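> Compute the structure for the input listed below.
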Amino acid sequence: MTSPPDFRPLRTERLVLRPLRLEDATALHRLVNDWEVAKNLARVRYPYELARAEEWIRSTWAQIEAGEAWHLAIVGEEEGPGGQVERLVGCVALTLDTDRKGAELGYWVGRKFWGHGVAPEAAAALCRWALETRELQAIHASALKDNARSAAVLQRVGLRPAGEAMQTFLSRGGPMPVLLFRAEREALLASPVTEVPRAEKPILLVAAVALVDPDGRVLLARRPEGKPLAGLWEFPGGKVKPGESPEVALIRELKEELDIDVSESCLAPFTFASHGYEAFHLMMPLYLCRKWDGAVRPVEGQALAWVKPRQMGGYAMPPADKPLVAMLQDFL
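Take a look at the predicted model:
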């Protein structure tokens, strides 16, 4: 197909669900080529190349035309200089089972739009449309065991826990444990989108820095035995203590761990990581630093490595550090 299929967009209170267009490719690539998004998607590779976006968009047209699957753009509308302007927020999909009596629900939302109720609003709208226009008897879905946010969304839509399984995730390079969810037709039609209480995790603030030497190499430190995530390589830094700013915490940590002196003016904010672990949610600002006083040495006996940015992918790192590597590679 050379153009989007004939499909009447679905409208909710805040959103429009419509077939994807080729002009969505750049925005789609920008939103989904984010480790925090991609890591939760079974059928998305990471990094995600822009060329894949256009190829995938065309494939969704054929599936809609054949009545096999409905992959729709989740679009928000906002006021622009010339009137209403569309903004791609994410995607939602239903894929028919081989017996065509059930369908699998899937979705993703760009990280900047998390926490606004976009996913349950879009998923509920697509499910209701499918139940009203197709003779579906059930809808099912899955979520990674460590993805409490997605599990809550599925329950708000009306799906209920249905066991556990292993599922291959292209983004993570292998099988991962998932929670299964399912609901029959009658239960879904009778179930409004509801709020599901969720246990709030404490937020742990950790500051990290990419020390860059004159040769453009970045310093990595290996976590010693006896500590969580032992053996993995990470950017130097540590927990921000009460009353400290991230910059002050970094200056302290770099002196304690590497015996170097850094002034606050030499710490340039670069990006940040946000990652949910089982017991807490990590927020980690990453700084760049090219100037310090003293010779770097492993005060705590940790292994150190000066690594070219393009070679950092070969070092096993904690989940929170991985997405930072691609950003550094693009910048340095």
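> got a list of what Arg128 touches?
Counting by CB atoms under 8 Å, 6 or more residues apart in numbering, Arg128 touches Leu188, Leu189. (C-beta placed from N, C-alpha, C; glycine too.)
> Now do the SS call for it.
Secondary structure state of Arg128, per DSSP: H, G, I helix; E, B strand; the rest coil, is helix.
> distance of it from Arg134?
Arg128 sits at a distance of 11 Å from Arg134 (criterion: CB to CB, to the nearest Å).
> With Leu31 as the reference, measure out to Lys201.
24 Å.
> between these two, which one's more packed in?
Taking neighbours as other CB atoms under 10 Å, Lys201 and Leu31 compare with Leu31 leading, 22 against 14.
> Next, the more buried one: phi, psi?
In terms of degrees, to the nearest 10, the main-chain angles of Leu31 are phi -80, psi -40.
> Isn't it up against Val37?
Yes: Leu31 lies in contact with Val37 (CB atoms under 8 Å); the separation is 6.7 Å.
> For those two, list the residues in contact with both.
Common contacts of Leu31 and Val37 (CB under 8 Å, 6+ apart): Gly110, Arg111.
> what's the neighbour count on Ala190?
That count, for Ala190 with other CB under 10 Å as the rule, works out to 9.
> what do you get for Arg11?
Each residue near Arg11 was counted by other CB under 10 Å, and the total is 13.
> any idea which element Leu205 lies in?
Using DSSP states H and E, Leu205 falls within strand 203-211.
> ok, residues contacting that strand?
Contacts of strand 203-211 (CB under 8 Å, 6+ apart): 218-219, 234-240, 246-247, 249-250, 253-254, 262, 267, 270, 280-290, 292, 296, 321, 324, 328.
> Okay, and which of those map to helices?
Of those, the ones assigned to helices by DSSP state H are Pro246, Glu247, Ala249, Leu250, Glu253, Leu254, Leu324, Leu328.
> from the residues you listed, which two are the most distant?
For the ones in helices among the contacts of strand 203-211, the maximum inter-member distance is 20.5 Å, found between Ala249 and Leu328 (CB to CB).
> partner strands of the strand holding Leu205, parallel or antiparallel?
Partner strands and pairing direction for strand 203-211 (DSSP bridges) are strand 237-239 (antiparallel), strand 281-289 (parallel).
> Go through the last one and flag the buried ones.
Of the residues in strand 281-289, those scored as buried under the neighbour-count criterion (16 or more other CB atoms under 10 Å) are Leu282, Met283, Met284, Pro285, Leu286, Tyr287, Leu288, Cys289.
> do the same with stretch 8-26
Within stretch 8-26, the residues that qualify as buried are Leu10, Leu15, Val16, Leu17, Arg18, Pro19, Leu20, Asp24, Ala25, counting by 16+ other CB under 10 Å.
> Distance of the second one relative to Leu105?
With distances defined as CB to CB, the gap from Leu15 to Leu105 amounts to 16 Å.
> before we move on, what about the last one?
Using CB to CB, Ala25 is found at 24 Å from Leu105.
> Which one of the buried residues of strand 281-289 is nearest to Ser3?
Nearest to Ser3 among the buried residues of strand 281-289, with distances taken as CB to CB, is Leu286, at 42.4 Å.
> which SSE is Leu94 in?
strand 83-96.
> where are the low-confidence patches of the chain?
Low-confidence segments of the chain (pLDDT under 70): 78-84, 192-200, 278.
> Which segments of it make up each domain?
Using automatic domain parsing, the domain parsing of the chain gives 10-190, 203-331.
> measure the first one end to end?
Criterion CA to CA, to the nearest Å; first-to-last residue distance in domain 10-190 is 20 Å.
> Report the distance from that domain to the chain centre.
Averaging C-alpha positions (CA atoms, centre = their mean, to the nearest Å) puts domain 10-190 13 Å from its chain's average.
> if we can go back for a sec, can I get the CA coordinates of the strand holding Leu205 in CSV?
What follows is strand 203-211, C-alpha atoms only, in CSV (Å, rounded to 0.1, in the frame of the first residue of the first chain):
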residue,chain,number,x,y,z
ILE,A,203,12.8,7.8,44.9
LEU,A,204,16.6,7.4,45.2
LEU,A,205,18.6,10.4,43.9
VAL,A,206,22.1,9.5,42.6
ALA,A,207,24.5,11.8,40.8
ALA,A,208,26.9,10.5,38.2
VAL,A,209,29.5,12.0,35.9
ALA,A,210,31.2,11.2,32.6
LEU,A,211,34.8,12.1,33.1
